[in-house]
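Trainee: only the shape, not the letters, is given here:
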């Protein structure tokens, strides 16, 4: 990733920051098709997006100086370069969204293409359930898995993907176990909420009773004062 200050104003303040990322040749048709929508979406948040077909570069330029914005720009380009669609890649500009790129093909493990295909299918079969469990979006591109979502969910998906491809462990039993634990946790929370509601009702009844008692005392005190006043008169 290249970062460059493009120019400076008379006051010496950097006006433009550029981020570039090389993309593989096979992605060029996809990037070209998505270029108009990418430019439209990015311009709405202060970026200029260009594609250099000769040097195989995609570039983001901005006048914004916040480090967090620059980091998000870098992440956006990285996702595009591994064949993640514009709509999904654009979510990295949302506050609280994390991402992870997992390389799932490692030749040094001695796994042949057929075994790798079986592992890939095994993980793919569990993808929907894993997305529901973690509220993450999971994309499988060639020999890469891309995960976007909350950081806690991203960590869970990464662990299950690594166990599946590098330890040959199916995600399905772990997902079922996690769902059971989540179900019991929800039930515990529901019991706590019901108990809290009962406690609130008891408090409301107690406060209402105290209020009635105070009103009666005030009425009695007022009655005594009126009676004493009438007697004096």
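Mentor: It's in. Owing to the predicted nature of the structure, the values given are computational and were not obtained by experimental measurement.
Trainee: show me which helix runs longest in this protein.
Mentor: With DSSP state H applied, the helix covering the greatest number of residues in the chain is identified as helix 171-232.
Trainee: which of the residues in stretch 81-96 are buried?
Mentor: Across stretch 81-96, burial judged by 16 or more other CB atoms under 10 Å covers 81, 82, 83, 84, 85, 86, 89, 90, 91, 92, 93. Backbone N, C-alpha and C define where each C-beta goes, glycine included.
Trainee: residues contacting the second one?
Mentor: Under the criterion of CB atoms under 8 Å, 6 or more residues apart in numbering, the contact list for residue 82 reads 101, 141, 144, 146.
Trainee: can you tell me the closest non-neighbouring residue to it?
Mentor: In space, not counting the residues next to it along the chain, residue 82 is nearest to residue 144; the distance is 5.3 Å by CB to CB, 6 or more residues apart in numbering.
Trainee: local confidence estimate at that neighbour?
Mentor: We have a pLDDT of 86 for residue 144.
Trainee: so who does it touch?
Mentor: With contact set as CB under 8 Å, 6+ apart, residue 144 has these partners: 82, 83, 101, 102, 103, 104.
Trainee: what is the nearest of those to residue 69?
Mentor: Proximity to residue 69 was ranked across the contacts of residue 144 by CB to CB; first place goes to residue 101, at 20.4 Å.
Trainee: just to be sure, the closest one is in a strand?
Mentor: Yes. Per DSSP: H, G, I helix; E, B strand; the rest coil, residue 101 lies within a strand segment.
Trainee: that one reaches residue 142, doesn't it?
Mentor: No. Counting by CB atoms under 8 Å, residue 142 is not a contact partner of residue 101; they are 11.8 Å apart.
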